[in-house]
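Novice: have a look at this fold, sequence not included:
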């Protein structure tokens, strides 16, 4: 019987993640829930959260050896959910080796998948290699170590929709549990209570991409520089507001540090923590390749994709193209002074939106209840099944 759920964090816990991990729901179903934070040990560039959250199940570790010792002692009644994979660095590989040798069950998540291609992955690797040529040697050594590691595959794979499994070979002994994207839970809560749409307002889905800490964590350059990016945004927004008689407001990325009426956005209104509601109440959204574009899919809002000059020829540009293609759209160039086809911009391709929802948000026919309630019910069922000893030599599919 599972009585304890442990999240292994990839970044320090904050209020947003507390909600997204369904900690309250899991506790209500009788589980003791803990978060183990060794993110600063696995990725030295990780910074402490500026909105830290403390709860009784939070544990912070000062050395990786302590994490591994605690993992090795876990009983079969514990269920571990790493929010990272073995394939990230030597530290994460050591964690998975220890987890594989323990008695605990564990599961991986595929709840926030977006379109990608082998070309995108190759482009990101190329950018990293250009910045740090020694990375190629380190990566080759790491891949060899990963391939030789007898890791136990996950007991459970939490999957949002069909697109989340593209390119992934699931091990025969891993159970796939169909849930939905975590954002769908927010949609469920708001679909009958959001405000009246403002027909003159567009929402920009900020990605904080001149400063985002994930770029430091992954060791790759940011796709833009603040000195060029924000002025280009403001000129583009000024033009839209002038020609379309609308106003553009900003849905700030959760890790951003923007001030109210921040001059980087020309003093425009900035919203925090309400992106789903802001999209619901807007007339259209502006985006590069934010995962929040799926909010627009759920609310069937017109999506305008655009790029700035610094993005040209980068893997980031390819990601934008893939996202736009998902909704049958063509991105605009923000700095190009060409006529904007507003009729086309405001078009919603219902077939493309419905396909995107089925592939990346919620599989058609899956349960329409909170994601972590679906997980909790499955974990409770383990107590009614016959336990078998965990295999110690089954390979974990590296792409997970």
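Specialist: Happy to help now that I have it. Just so it is clear, the structure is predicted and the values come from calculations on it, not from any experiment.

Novice: ok, which stretches of the stretch 201-350 of the chain are helices?
Specialist: Taking DSSP state H, counting those that start in this stretch as the test, the helices found in the stretch 201-350 of the chain are 213-218, 226-244, 275-280, 293-299, 315-326, 342-345, 350-360.

Novice: as JSON lines, those helices with mean pLDDT and mean neighbour count would be great.
Specialist: Every C-beta, even on glycine, is put in place using the N, C-alpha and C of the backbone. Shown next, in JSON lines, are these (pLDDT from 0 to 100; neighbours: other C-beta atoms under 10 Å):
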{"stretch": "helix 213-218", "mean pLDDT": "76", "mean neighbour count": "16"}
{"stretch": "helix 226-244", "mean pLDDT": "95", "mean neighbour count": "16"}
{"stretch": "helix 275-280", "mean pLDDT": "94", "mean neighbour count": "23"}
{"stretch": "helix 293-299", "mean pLDDT": "95", "mean neighbour count": "24"}
{"stretch": "helix 315-326", "mean pLDDT": "92", "mean neighbour count": "20"}
{"stretch": "helix 342-345", "mean pLDDT": "92", "mean neighbour count": "13"}
{"stretch": "helix 350-360", "mean pLDDT": "95", "mean neighbour count": "17"}
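
Novice: out of those, which gets nearest to residue 200?
Specialist: Closest to residue 200 of the helices of the stretch 201-350 of the chain, according to C-beta to C-beta: helix 226-244, at 8.7 Å.

Novice: elements contacting that closest one?
Specialist: strand 201-205, strand 247-251 (3 or more C-beta pairs under 8 Å, 6 or more residues apart in numbering; DSSP states H and E).

Novice: what are the contacting residues of the first one?
Specialist: Applying C-beta atoms under 8 Å, 6 or more residues apart in numbering, the contact partners of strand 201-205 are 233, 237, 240, 246-251, 271, 275, 278-279, 281-288, 290, 292-293, 295, 304.

Novice: surely residue 95 touches residue 82?
Specialist: Yes. Between residue 95 and residue 82 there is a contact under C-beta atoms under 8 Å: 7.1 Å.

Novice: who touches both of these two?
Specialist: residue 8.

Novice: between those two, which one's more packed in?
Specialist: residue 95 (25 against 22; other C-beta atoms under 10 Å).

Novice: the more buried one falls within a helix, correct?
Specialist: Yes. Applying DSSP: H, G, I helix; E, B strand; the rest coil, one finds residue 95 inside a helix.

Novice: now the helices of the stretch 201-350 of the chain as CSV including distance to residue 200?
Specialist: Shown next, in CSV, are those (distance: least, C-beta to C-beta, whole Å):
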stretch, distance to residue 200
helix 213-218, 34
helix 226-244, 9
helix 275-280, 14
helix 293-299, 17
helix 315-326, 24
helix 342-345, 13
helix 350-360, 23
